[in-house]
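Visitor: show me the folded form of this:
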Amino acid sequence: MVISRKLAGLVLSVVSVWGLGSAAHAAGSIEGQGQFELIAGRPPMGYQRLYEWDLFLSPADASMPGISRRLGAPPGQMPTGDGFYRIDNLPAGTYSVYVNQPDFFASPKVIPNVVIANGQTLRLDVNLDIDYSTYFRADNEWTDWQWTWYQTFKATGTGVRGVTWKMAGWGLYNGKQARITILEDNGNPDVRSWTPIGTGTDGQLASDSDEWVRWPSGTIPLTPGGMYAVKIWVDGGCAVFKRNKDGNSYPYGRAYDQDGNAKNFDLNTTVFVDKDNQIVTHTRVAPGPGVLGTPGMRWCQTFVARGEALAAVDLFAASSEADITLTCRIRRDGPDGPQVGPTKIAAGAYFASSTDLVGVSYNPDQAPLVPGQVYCIEFTDSQSFTPFFQESWSRYGDGAAYNGSAITAEDLAMTIVEYSKGPAPRMADVNGDQRVDFADYAQIAQKIDWRGPAGGIVEDLIRDGVVDWRDVAFLARTWLDAIAQLPMVVILSPVNGASFTTRDLITITAAAADADGEVVRVEFFANTNAIGTDDNGSDGWTAATGLNAGQYALTAKATDNDGGVEVSEPVNITVTTVPR
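Guide: Down below sits the predicted model:
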């Protein structure tokens, strides 16, 4: 194993090493593994290694190109699958390391100020930031089949970036939707009554795979030391892999079933968070590279800074080059603004045929930002390349993509990581209704004097020490992110726990609405079986059916005019046979 690791890596030809002499005498190496703890806070229980994630090593400037590695897949060797990487023949100096794979379930990590010394090998393991994890899967170790499961945890980070979980049961989730909600302890002993502070949906479910949802930093803020819960709800129910409690288990929480009963096990769930003064302000929220764009030799993306320095960026791009490298610059104000920080050559890592993930990172003193200021990330090449765009429903709202200096109606499919001295700004729920929408923006618009300070109207959302129009603009951006809302639907009758007989015609009535359009259809289900569809809600949304004896979970699925879908919480009923 030692021999194979020493052989791993791409040999670099270095002619000049910053005046330190020949490469033969100034070369160093770096190796390690990308990973996260199988059980949060229990390193002796081992690590989940990151296979086919991408690692990018960035020098201080453009004197040499960046280098990429696929974790667990050393160049020229059979894949090891163990998250291992190694890079040899590096000029002595200070670098930064960036690990990400937007197509997968976790979140990025930057290691700044990595010092490579002459003739030495640096061991650097990249550990992703988590608050909770019990990443175990064993045969026959899964929960009962229920619509809802909960897992509590104690926060150590300042915000949730993503949640992953793993379910058992082949072919049972086709066409289903999962909804993940983060709940905050409000003092109620019943975890089901804790306060929801953020939610996300996954409509591409499978079994024995890593399901995930992801959010930009600041969407779901956490208070370190506070108690929270992950609520997993799946249309039709689910069985989640679990690990029974013992002396090595996660010590600060446990699983709860849909009735709020504490269980003696933990769920196979991982919560990725903001730590180490890093926030992910722009991110992919769906698998895949995005939508293939149009060719160009210079592509840019503007954005509003939320941190104090740029930490890393990556971009999905296609090219006829075997290994894509792009020159990256940061500019203030827009594509033609002054440059901020050094020019760097970003390395590409293989994603698919003719498509790479191109990434680059910075140390905290290299690319300073002013929160609230507009900046532009510029990618150029000597020949044409084609970036991928965000899907229309997942655009950022605080900038735009530029082909050369011409603005487009698109956003580049990329990740932006920033260094931040504090937690990411909380999304601006001005009226306290647990959502950011037009009502918050309208409340601000009624009061704001655009010529003066905004104190007392909105908080210092971007943390620049001043409450002014920039904070209002940040709220507007957040509102724009929120306006493409899913419909809302709830079953009004029957009530939960109602009883019927096999002779009864059971009428189900639902209320449905859509904040940014209209509901066009409501479908009704008993367990997973369709029992009716209503395409006209002018007189209410209803369906009527008879049912055989048994226990049923009734749900309603609403579809809006944008194709958005939402499923109601279940209403449980009992149907009994009438004696003859």
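
Visitor: hey, where'd the helices end up in this protein?
Guide: According to DSSP state H, the chain carries its helices in the segments 2-7, 23-26, 438-447, 469-482.

Visitor: pull the longest strand from the chain.
Guide: Criterion DSSP state E: the longest strand present in the chain is strand 374-389.

Visitor: list the helices and strands it packs on?
Guide: In terms of contact count using 3 or more CB pairs under 8 Å, 6 or more residues apart in numbering; DSSP states H and E, strand 374-389 is assigned the packing partners strand 291-292, strand 296-304, strand 309-318, strand 325-332, strand 401-403. In this view, the C-beta of every residue, glycine as well, is placed from N, C-alpha and C.

Visitor: pretty sure residue 262 sits against residue 253.
Guide: No: under the contact definition of CB atoms under 8 Å, residue 262 does not touch residue 253, with a separation of 10.0 Å.

Visitor: ok, these two, which is more surrounded?
Guide: Looking at residue 262 and residue 253 with other CB atoms under 10 Å, you find the greater number of neighbours at residue 253, namely 23 against 11.

Visitor: the more buried one reaches residue 227, doesn't it?
Guide: Yes: counting by CB under 8 Å, residue 253 touches residue 227, with 7.5 Å between them.

Visitor: pull up the overlap in contacts between those two.
Guide: 152, 153, 154 (CB atoms under 8 Å, 6 or more residues apart in numbering).

Visitor: need the residues you listed in CSV (columns: pLDDT).
Guide: Formatted as CSV, the entries for the shared contacts of residue 253 and residue 227 read as follows, by pLDDT from 0 to 100:
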residue, pLDDT
152, 97
153, 96
154, 94
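
Visitor: between those residues, which is closest to residue 555?
Guide: Comparing the shared contacts of residue 253 and residue 227 against residue 555 with CB to CB places residue 152 closest, at 25.6 Å.

Visitor: got the contact list for the closest one?
Guide: Contact partners of residue 152, counting by CB under 8 Å, 6+ apart, are 191, 227, 228, 229, 252, 253, 254, 256.

Visitor: from residue 577, how far off is it?
Guide: Shown here: residue 152 relative to residue 577, a distance of 40 Å by CB to CB, to the nearest Å.

Visitor: equivalent analysis for residue 383, please.
Guide: Residue 383 sits at a distance of 74 Å from residue 577 (criterion: CB to CB).

Visitor: okay, the closest residue to residue 33 other than its chain neighbours: pLDDT?
Guide: Of all residues beyond its chain neighbours, the one nearest residue 33 is residue 83 (4.1 Å), with distances taken as CB to CB, 6 or more residues apart in numbering. For residue 83, the pLDDT comes out at 93.

Visitor: residue 83 and residue 52 touch, don't they?
Guide: No: at 9.5 Å, residue 83 does not count as touching residue 52 under the criterion of CB under 8 Å.

Visitor: look at the two and report which has more neighbours.
Guide: With neighbours defined as other CB under 10 Å, residue 83 and residue 52 compare such that residue 83 has more, 24 against 17.

Visitor: list the contacts for the more buried one?
Guide: Applying CB under 8 Å, 6+ apart, one finds that residue 83 lies in contact with 33, 34, 35, 47, 49, 50, 51, 53, 71, 72.

Visitor: now the two most distant members of the residues you listed.
Guide: Spatial extent of those (CB to CB) is set by the pair 47 and 53 at 13.1 Å.

Visitor: more neighbours, the two?
Guide: Neighbour totals were compared for residue 47 and residue 53, and residue 53 leads with 27 against 20 (other CB under 10 Å).

Visitor: quick one: the more buried one and residue 36 touch, right?
Guide: No: counting by CB under 8 Å, residue 53 stays clear of residue 36, with 10.8 Å between them.

Visitor: got the confidence number for residue 171?
Guide: Confidence per residue is given as pLDDT, and for residue 171 that number is 84.

Visitor: kindly apply the preceding question to residue 324 instead.
Guide: 88.

Visitor: that one contacts residue 357, doesn't it?
Guide: No: with contacts counted by CB under 8 Å, residue 324 stays clear of residue 357, the gap being 9.2 Å.

Visitor: return every residue with contacts to both of these two.
Guide: Common contact partners of residue 324 and residue 357 (CB under 8 Å, 6+ apart): residue 348.

Visitor: more crowded one of these two?
Guide: Between residue 324 and residue 357, counted using other CB under 10 Å, residue 357 has the larger neighbour count: 30 against 25.

Visitor: picking up where we left off before, what's the most buried one of the helices and strands packed on strand 374-389?
Guide: Sort the helices and strands packed on strand 374-389 by mean neighbour count, taking mean count of other CB atoms under 10 Å, and strand 309-318 sits at the top with a mean of 26.

Visitor: elements contacting that one?
Guide: Contact partners of strand 309-318 among helices and strands, from 3+ CB pairs under 8 Å, 6+ apart: strand 54-58, strand 93-100, strand 109-116, strand 325-332, strand 339-352, strand 355-361, strand 374-389, strand 414-419.

Visitor: list the contacts of the one residue sitting closest to the centre of the chain.
Guide: Ranked by distance to the mean C-alpha position of the chain (CA atoms, centre = their mean), the top residue is residue 214 at 2.2 Å. When contacts are counted by CB under 8 Å, 6+ apart, residue 214 touches 107, 161, 162, 200, 283, 284, 285.
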